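J.: Using only what follows, build the 3D model:
(3 chains)
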Amino acid sequence: MANDIPASQDSNDVPMLSCQGIWKVFGTNKSEFERSGGPDMRDQELARRGWTVAVRDASFDVARGEVFVIMGLSGSGKSTVVRCLSRLIEPTNGNILVEGEDLLAANEAQLLDIRRRKMGMVFQHFALLPNRDVLGNVAFPLQVQNIERSKREERAREMISLVGLEGREKFFPDELSGGQQQRVGIARSLASNPAIWFLDEPFSALDPLIRADLQDELLRLQKQLHKTTVFITHDLDEAIKIADRIAIMDQGRIVQIGSPEDLVLNPGSDYVKRFVKNVPRSKVVRVSSILRDATSSDSVGDIVVKANDRLADVAPKIGGSTQSIAIQDDKGVTLGYVDRDKFVRVLAGVV
Amino acid sequence: MNVKKILNSFIAIAMSIGLVAPATSMAAGVPESDKPIKFMTADWTSIGLQAEIMSLILRTSGYNTKLVVADDSGRYPGFEAGDLHVSMETWQTTQLNNLKKSVATGKVLDMGETGLKGVEDWWYPMYMKERCPGLPDWKALKKCGELFATADTAPKGRYVGGPVSWGDHDENLIKALDLPFEVIHPGTDAAMFAELKAAYDRKAPVILWVWEPHWVGSVYDGEFVKFPKFEAGCFDDASWGPNPNMTGDCGKPYGWIKKMAWAGGEKVWPCAYEMIRKYDMSNAQINKMLIEVDLNGRSNEEVATEWLKNNKDIWKPWTTCAG
Amino acid sequence: MSLALRIDNLPHIARSSVKCVVAVVAMALITNLGPGWLSTIPDWLMFPVSDIVGDSLTWFAREATIGGIAVQEITRGFAGLIDKPIEAAVVVLADGLFKGRGLDVTQSVPPLSWLALGGAAIIVAHRFGGSALALTTSICVAFLVSFGLWQNAMITLSNVLVSVILATLLGLVLGIWSFRSTHVENVTRGIMNVMQTVPIFAYLIPTLLLFGYGPSAALVATVAYALPPMVHNTVLALKSVPAETIECGRMTGCTQRQLLWQVQLPTALGKIAVGLNQSIMMTLNMVIIASMIGAGGLGFDVLKALRKLDIGGGLEAGMGIVALAIILDRTSQAIAKRAAHGKHREPGQWPIWKVVGLWLVIATGIAYIFEPAQAWPKDYVISTAVFWNDLVTWINIEWFDVLDAFRTFALLEVMRPFRDALAAAPWSMMIGLLAIGAYALGGARLAIYCVALALAIVMTGYWGPAMNSLYLILISVTLAVIMGFPVGFWLASRPQLQTAANLTLDTLQTLPTLVYLLPAVMLFRIGDVSAVIAVTLYATAPAIRYAMIGMSQVPVARLEAAQISGCTRWQTLRWIRFPAALPTLLVGVNQTIMMAFSMLIIAALVGTKDLGQEILIALNRSLVGQGIVAGLCVACLALIADALLKAGAARAVTHRHKKED
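T.: The predicted model follows:
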């Protein structure tokens, strides 16, 4: 599962992507906004000037290899954030660091270079080029870099087989189903082997069954590729399934950032609480989140569960037992115990 | 063989893409220039036919020629600018003054008569002769206005004139001779003859502008109205003719059909210009060919080629300067 | 006044009619009782516009120099340059190469045979449009070959191809430029609107002046005529590229140029093709006129046949143009569709260029051995001309009295009084009414715009002919709408007939008008009745088309709602279908008017006394200024009509919203 990849940072401790105090305000520009002290303005003041705030003071870091999901309803500003991160939309204020380098300071040529080599993006409506076949679409980012034909096609074929579309190389987008089209979109976004992977509601336009398939596919790919991923969605279930960490946005503001468990167990506001209310906890909460330290009465019995297991996974084992259950890490070291009583209460949402 | 032919096709394509002008070997000195001589052709058959004949003669002598469409009255700026080089027909009937004016600029040459005589005037089918006694004398028309009338012109007669651009000679004539007629202008000659055909098929009254040489004379039985014959004084001297107070009281000038040319061409193709000056035909010769073209549906080119083949003794002497 | 179209609100109509009557009476009183200059145009309002324009253009074309090089040299050089591709195309497609000149001429290399080219057309049609398109193409090719029209069709094709390619390239450049800059877009849109409404003959005159006589002048005029839809559709198409697709291009690191050529243009291709299609159609519309100034080909066949009153022959050559139009239109659409959406090749299927190349080689081989495959033998040429000619003669003899009675009635009882009323109405009254009407429909801005255009006509001194044009247009458009809308409504409920209907409408729009103009003259004589018939026939096509589209695109849910509520057919038509279709119908009326305007010049060929005739005279006499200015007057009339109808359509939409609220 996604959480097997530790959300830790690499040795020199620089996050892959760092975003500090990002504002996007429509109706003004950078210098005017700064001059008039925009970041400190109240809502009414902003509105009085006829400015529309799409993103308000968003800050977060994304660690190397982490899957960072930005979740919000439509109009919450989540798509604007991801476009600011790639400068498809120019932020009005704030800083964006890519591997410690200032993205907003990059000139046109540098920006092109960063996008070509470091970033890949998947779009909600696939954004395939209808006049190119699958091979041509996947090879497109490489063609833009003027990589010679045989090389770029070789790489494209690799990507196509990675997403399981071998044999469809010569098909055109209109000849493919929606799910297949998005597989092409995914292959294309990975063709130039980017370090950062943006996915803007990639599965929203798909049927539920195909959506689930592609979510699994994404997890499989991520396990293999360890991309630093920013994933936008309006679907909390999807976010929980995929995310290492989730940022919840509301009206342009990031209201809470945390792991799926954090959000479910400790919602920071009523807004988040309403969101997570209906999430089945058993599928989110890990056993490790509810363990207590060992007491003298505990002993490692027949039933042992892994720290990373979710409650739902271990429920059948725990359900029939009366004694407390030992929790061990992957190496078999016992980390603590959980009582049946506590287990049931968490499942029921009482705690 | 087969392969060679195919190869040739591809060479042709390659050549035309590369735009290689087809070169031909010539008698010494002629042509003086391979620049195409542009012949004017227009919306009546004989000018195109004669242009085709002259052009064929010149081409046979090695010249490069081109046929270009222009309008009868609108041709002069083109000739003065050197866009058009040769016209085989300029009719005294309608172009007398225009030609005079254009030659006076010094940019256009009068290349002499073609030997053809042009006639154009009011024309009616023969069956109208009984219904309007006194025809072909113009005075008979004074009493026949109502006979030729239609609902929109009544009580005046309906006279189908030429397109407006051909001039207002007929309006003046009606005024000067006090005829009970109204001129209806079509936009094109085809419309004129459409109205003739429709009336002729029904033996209905019709009177319209016709000229000769033209195929209409060979297909439909009819004749021209005899107006007071054109003389020099008619257009400028009011006292001349039946109406002592007005000019224009005469028929259209009958007479020559001349060749004209761009003056600048004399230096470029002197021999060609000599041949054009020598060109000489008759109404009978051209009428025979017009019937082939207009009624038997053959192309100008075909008819002209046939004439050239059968009449070498006529046209060869024109080409002496080409050796 | 077009508000009166709303039939579902009688008291409202009554009110606006009363208002209209009051306005007319008041204007009539003021203009007739006021000072004399209100009823006859005073001298101080007229300017010698034509002379100024004519003189300056003549100066520009003959005397002016740019950087020491005479403009004349530049334009002639350009003309010489664009003659080349036409000549090349004619050599390959129609004439081949010759050795020797005059009587000694022999063909050294034949052109590509009909077998080769026709077969290639069918192969291409089959690959891109399936067997249905291949069949259509085969029928068209067979028609052209067996009726002996092939060679001239290829000359026309050479001209059309070069014009379409030039118009496409130029249109793309202007379109892209307009897409990138709003300023440029505003300027080009203005120019294109005028260009689309100025009759083609009007810019033939300066074209002749600048580019000399011959195919290049025809080509320049044709390109100018076919350009506006290409520009317009390019801008629209580029604007319609999804934002995500452009973002995708930017995210992959495209430069501006890569973005344009590899992302925006290919994605927009399907919609750009709509412009290409219209360009092809307009180019083919021009074939007759182009042949009048020296383009040759099928257009010249039509003219030649009609000049000797061979109506059947003219019809056949005209149908040749239609056949060519159908092949070009349907194939280019199929190719564009494929280019826009793509379809993979089956394993073992050859790329199209290989198939066509191989076929050309084989067919050329066959044509070498078997002469009839090169040039269809004359003895086997079919012609139906005699039948058509006899038919016209028969109608003429048997039905003339009835037709003439009809003509007399229409002319004397309807058209003449209307014409005289328009001619007699004081100019100030017409402009006053225009101002009031425009204000009611679209407010002060529209009123000022319309009055400015109308005053421009007054100033040129063409007010009289303009009123005559207006009278022809109003009568023709009324007839076209009365005949076209019911047919369109009827067709809308019969989808199975729509393919046939579209083919018929395309035929009506590409068949040269002269072909039915001459029979009209034979039966209805020279004059306004024939002109109105020709204009009406041509303008009926868009009326039918838009009525069909408007009525078929009523949302199904609304129709079902009507059914559930127990509406009768008539009630459904009146309350559901008609209001929903109204905006489209108004666009249809607009298109009908534009078509009618573009036909004025052809109507002038049978002898009218309007602006079209002025242009024709100017063309024949090489009066540069008069031609252009009369043409611009037509444009002014058309732009006024266009603005009023668009305002009307906008009102029809907002009105409905208000009511629904």
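J.: Get me the contact residues on chain A for chain C.
T.: Residues of chain A lying close to chain C (CB under 8 Å from any CB of the partner chain) are A:83, A:86, A:88, A:112-113, A:115-117, A:119-121, A:123-127, A:129-133, A:140-141, A:143-145, A:170-175, A:188, A:192, A:198. To be clear about C-beta, it is placed using only N, CA and C from the backbone, and glycine gets the same treatment.
J.: Show me which positions of stretch A:221-238 end up buried.
T.: Going by neighbour count (16 or more other CB atoms under 10 Å in any protein chain shown), the buried part of stretch A:221-238 is A:221-222, A:227-233, A:235-238.
J.: Now for chain A, the helix or strand with the poorest mean pLDDT.
T.: helix A:311-319 (a mean of 75; mean pLDDT, DSSP states H and E).
J.: next SSE after it?
T.: Under the assignment DSSP states H and E, the closest C-terminal helix or strand after helix A:311-319 is strand A:325-328.
J.: Mind giving me the packing neighbours of that following strand?
T.: Applying 3 or more CB pairs under 8 Å, 6 or more residues apart in numbering or on different chains; DSSP states H and E, we find strand A:325-328 packed against strand A:304-306, helix A:311-319, strand A:334-338.
J.: go again using 6 Å as the cut-off
T.: If you count contacts as 3 or more CB pairs under 6 Å, 6 or more residues apart in numbering or on different chains; DSSP states H and E, strand A:325-328 packs onto strand A:304-306, strand A:334-338.
J.: And chain A, what are its domain boundaries?
T.: A:2-280, A:283-348 (automatic domain parsing).
J.: before we move on, back to that, would you pull up how far the least confident helix or strand of chain A lies from the middle of the chain?
T.: Here helix A:311-319 is found 28 Å from its chain centre; the criterion is CA atoms, centre = their mean, to the nearest Å.
J.: now do stretch C:83-97
T.: On the basis of CA atoms, centre = their mean, stretch C:83-97 sits 27 Å off its chain's mean C-alpha point.
J.: how about that stretch against chain B, any contact?
T.: Yes: counting by CB under 6 Å from any CB of the partner chain, chain B has neighbours in stretch C:83-97: C:84, C:88, C:91-92, C:97.
J.: Going along the chain, name the strands of the stretch 101-250 of chain A.
T.: Along the stretch 101-250 of chain A, counting by DSSP state E, counting those that start in this stretch, strands occupy A:101-102, A:119-122, A:196-200, A:228-233, A:245-250.
J.: And for the stretch 151-300 of chain B?
T.: Here the stretch 151-300 of chain B has its strands, by DSSP E, counting those that start in this stretch, at B:157-160, B:181-184, B:208-212, B:222-224, B:255-262.
J.: Summarise which helices and strands the shortest one is packed against.
T.: Looking back up the chat, that one is strand B:222-224. strand B:108-125.
J.: what's in contact with the strand it packs on?
T.: Residues external to strand B:108-125 that are found in contact with it (CB atoms under 6 Å, 6 or more residues apart in numbering or on different chains): B:79, B:91, B:93, B:102-103, B:200, B:207, B:210-212, B:222, B:224-225, B:251-252, B:254, B:256-261, B:263, B:276-277, B:280-283.
J.: buried residues in that strand?
T.: B:108-109, B:111, B:113-114, B:116-125.
J.: ok, these vs chain A, which is closest?
T.: Using CB to the nearest CB, residue B:108 comes nearest to chain A of those, at 57.2 Å.
J.: Spatially nearest residue to that closest one (excluding sequence neighbours)?
T.: residue B:102 (4.5 Å; CB to CB, 6 or more residues apart in numbering or on different chains).
J.: residue ranges of the strands in chain C, please?
T.: C:65-66, C:69-70, C:97-99, C:106-109 (DSSP state E).
J.: and the longest one, does that touch chain B?
T.: Yes: looking at strand C:106-109 against chain B by CB under 6 Å from any CB, the contacts come from residue C:109.
J.: Any idea how far apart the tips of stretch B:207-227 sit?
T.: With CA to CA, to the nearest Å as the measure, stretch B:207-227 spans 14 Å from end to end.
J.: Tell me how chain B divides into domains.
T.: Taken from automatic domain parsing, chain B resolves into B:28-117+B:255-322, B:119-224.
J.: and residue A:300, how far is that from chain C?
T.: Using CB to the nearest CB, to the nearest Å, residue A:300 is found at 52 Å from chain C.
J.: What is the longest helix of the chain by residue count?
T.: No chain in the question, so chain A it is. Assignment by DSSP state H gives helix A:208-225 as the longest helix of chain A.
J.: that's the wrong chain, I meant chain C
T.: helix C:624-660.
J.: Of the contacts of strand B:108-125, keep whichever come out buried.
T.: B:79, B:91, B:93, B:102, B:200, B:207, B:210-212, B:222, B:224-225, B:251-252, B:254, B:256-261, B:263, B:276, B:281, B:283.
J.: how much distance is there from stretch C:254-274 to the middle of the chain?
T.: Counting by CA atoms, centre = their mean, stretch C:254-274 comes out at 27 Å from the chain centroid.
J.: In PDB, list the C-alpha atoms belonging to that stretch.
T.: Presented in PDB, the C-alpha positions along stretch C:254-274 are these (Å, rounded to 0.1, in the frame of the first residue of the first chain):
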ATOM      1  CA  CYS C 254       6.100  23.700 -25.800                       C
ATOM      2  CA  THR C 255       7.500  26.900 -27.100                       C
ATOM      3  CA  GLN C 256       4.900  29.300 -28.600                       C
ATOM      4  CA  ARG C 257       5.600  27.900 -32.000                       C
ATOM      5  CA  GLN C 258       5.400  24.300 -30.900                       C
ATOM      6  CA  LEU C 259       2.200  25.100 -29.100                       C
ATOM      7  CA  LEU C 260       0.700  26.600 -32.300                       C
ATOM      8  CA  TRP C 261       1.800  24.000 -34.800                       C
ATOM      9  CA  GLN C 262       1.700  20.900 -32.700                       C
ATOM     10  CA  VAL C 263      -1.200  21.500 -30.300                       C
ATOM     11  CA  GLN C 264      -3.600  24.300 -31.300                       C
ATOM     12  CA  LEU C 265      -3.800  23.900 -35.100                       C
ATOM     13  CA  PRO C 266      -4.100  20.100 -35.200                       C
ATOM     14  CA  THR C 267      -6.700  20.100 -32.400                       C
ATOM     15  CA  ALA C 268      -8.600  22.900 -34.200                       C
ATOM     16  CA  LEU C 269      -8.400  21.100 -37.600                       C
ATOM     17  CA  GLY C 270     -11.900  19.800 -37.600                       C
ATOM     18  CA  LYS C 271     -13.400  23.200 -37.100                       C
ATOM     19  CA  ILE C 272     -10.900  24.900 -39.500                       C
ATOM     20  CA  ALA C 273     -12.200  22.400 -42.100                       C
ATOM     21  CA  VAL C 274     -15.600  24.000 -41.900                       C
END
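J.: May I see the buried residues of that stretch?
T.: Those would be C:254, C:258-260, C:262-274, for stretch C:254-274 by 16+ other CB under 10 Å.
J.: Nearest residue to the residue in the stretch 151-300 of chain A that chain B sits nearest to in space, please, no chain neighbours.
T.: Chain B sits closest to residue A:170 of the stretch 151-300 of chain A, with a gap of 31.4 Å, by CB to the nearest CB. Of all residues not flanking residue A:170 in the chain, residue C:344 sits nearest, at 4.2 Å (CB to CB, 6+ apart).
J.: Run through the chain and note the low-pLDDT ranges.
T.: You didn't say which chain, so I picked chain A. Along chain A, segments meeting pLDDT under 70 span A:1-13, A:302, A:319-321, A:349-351.
J.: Let me rephrase: I mean chain C.
T.: Within chain C, the segments meeting pLDDT under 70 span C:1-17, C:31-32, C:294-295, C:655-661.
J.: Please list the residues of it that sit near chain A.
T.: Residues of chain C lying near chain A (CB under 6 Å from any CB): C:244-245, C:247-248, C:250-254, C:258, C:266, C:339-344.
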